[in-house]
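Chemist: requesting a structural model of the entry that follows:
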Amino acid sequence: MTSLKDRLYLTTISPDAEETARQFGLGLEIAEFCTAENMDVQFSKWDRVARDKLKEAGADRCVLHAPFYELTPAAIDPLVLDVTKRRYRHAREIALSYGARRMVVHSGFMPYVYFPEFFIERSVLFYREFLDETPEDFTVLVENVLESNPDALVEIVRQVGDKRLRLCLDVGHANLMKQGITLEEWLEKVLPFLGHAHLHNNHGKSDEHNPLGDGEIDMDRVMRRLLEGPGDATITIESRGSRTSMAWLQERGYL
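Modeler: Model prediction:
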């Protein structure tokens, strides 16, 4: 099993990510292309920013977070679906140019717009097509955002049945959106399909992206269970204060 340190990444939304990653020997999750515009008219600027951050961090590994605004693999409008395909393909190219073999995408689920059964069916078709043109050593990680439970995402990965499609558990989002399910139950359901996790804390009212110890989530319990899960699942500390979260991990003996 790979050591925790070798599975850890820091998000570049954190202003101290590069310095902290260099100190601890961690990877980076590149968030500069979450906004699709940065892939187009401003690509040269943001490509330079991302490469400079990797260099400053001394990172020999990275994960790319793909764009997500207005994108969904279950889009009903064929033009929106086409844009989603084009954005994901472009993001995959950018990821490969950085040497990344893991890419996080948002699920694209919107409550009151998609029936779960329809969302599952459309998403399964989308990912099967996308993976047909994806390298064998590249993993797509589907992140929960607005889901009230993980059932639909679990079913999508199960039906696609390809090792290159796995789940990204965003603990902060799950804590905010869960209905009729505990965070522990959510984790148990996704664990067999887990490829990546986003760890950040909040107080159950907004997506604060706080350091690990600042909020109502019992991050100790989350960490212990994650470490019992798939040994190749990676973890990004997605809090706005990387150093504070790393200190929390050190104090509790995780590093």
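
Chemist: from the chain's centroid, how far away is stretch 220-228?
Modeler: Chain-centre distance of stretch 220-228: 17 Å, with CA atoms, centre = their mean, to the nearest Å.

Chemist: what is the mean pLDDT for it?
Modeler: Averaged across stretch 220-228, the pLDDT comes to 95.

Chemist: one more: stretch 52-59?
Modeler: On average, the pLDDT along stretch 52-59 is 97.

Chemist: give the buried residues for it.
Modeler: Neighbour counts over stretch 52-59 (16 or more other CB atoms under 10 Å) mark Lys53, Leu54, Ala57, Ala59 as buried. Backbone N, C-alpha and C define where each C-beta goes, glycine included.

Chemist: turn these into a markdown table, columns for secondary structure and distance to Leu255.
Modeler: Listed next are those as a markdown table, based on DSSP: H, G, I helix; E, B strand; the rest coil; distance: CB to CB, whole Å:
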| residue | secondary structure | distance to Leu255 |
| --- | --- | --- |
| Lys53 | helix | 22 |
| Leu54 | helix | 22 |
| Ala57 | helix | 17 |
| Ala59 | coil | 17 |
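
Chemist: what's the farthest-apart pair in those?
Modeler: Pairwise distances across those (CB to CB) peak at 8.1 Å, for the pair Lys53 and Ala59.

Chemist: now for those two: what residues contact both?
Modeler: Listed as contacting both Lys53 and Ala59 by CB atoms under 8 Å, 6 or more residues apart in numbering are Leu28.

Chemist: other residues contacting the helix or strand of the chain with the lowest mean pLDDT?
Modeler: Lowest by mean pLDDT, DSSP states H and E among the helices and strands of the chain is helix 4-7, with a mean of 94. Contacts to helix 4-7, defined as CB under 8 Å, 6+ apart, come from residues Phe24, Gly25, Leu26, Leu227, Asp232, Ala233, Thr234, Ile235, Tyr254, Leu255.

Chemist: on that earlier part again, which of the buried residues of stretch 52-59 lies closest to Tyr69?
Modeler: Taking CB to CB as the measure, Tyr69 sits nearest to Lys53 out of the buried residues of stretch 52-59, at 21.5 Å.

Chemist: CA atoms of the least confident helix or strand of the chain as CSV?
Modeler: Coordinates of the C-alpha atoms in helix 4-7 are reproduced here as CSV (Å, rounded to 0.1, in the frame of the first residue of the first chain):
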residue,chain,number,x,y,z
LEU,A,4,-0.4,8.5,2.8
LYS,A,5,2.2,11.2,2.0
ASP,A,6,2.6,9.8,-1.5
ARG,A,7,-1.2,9.8,-2.0
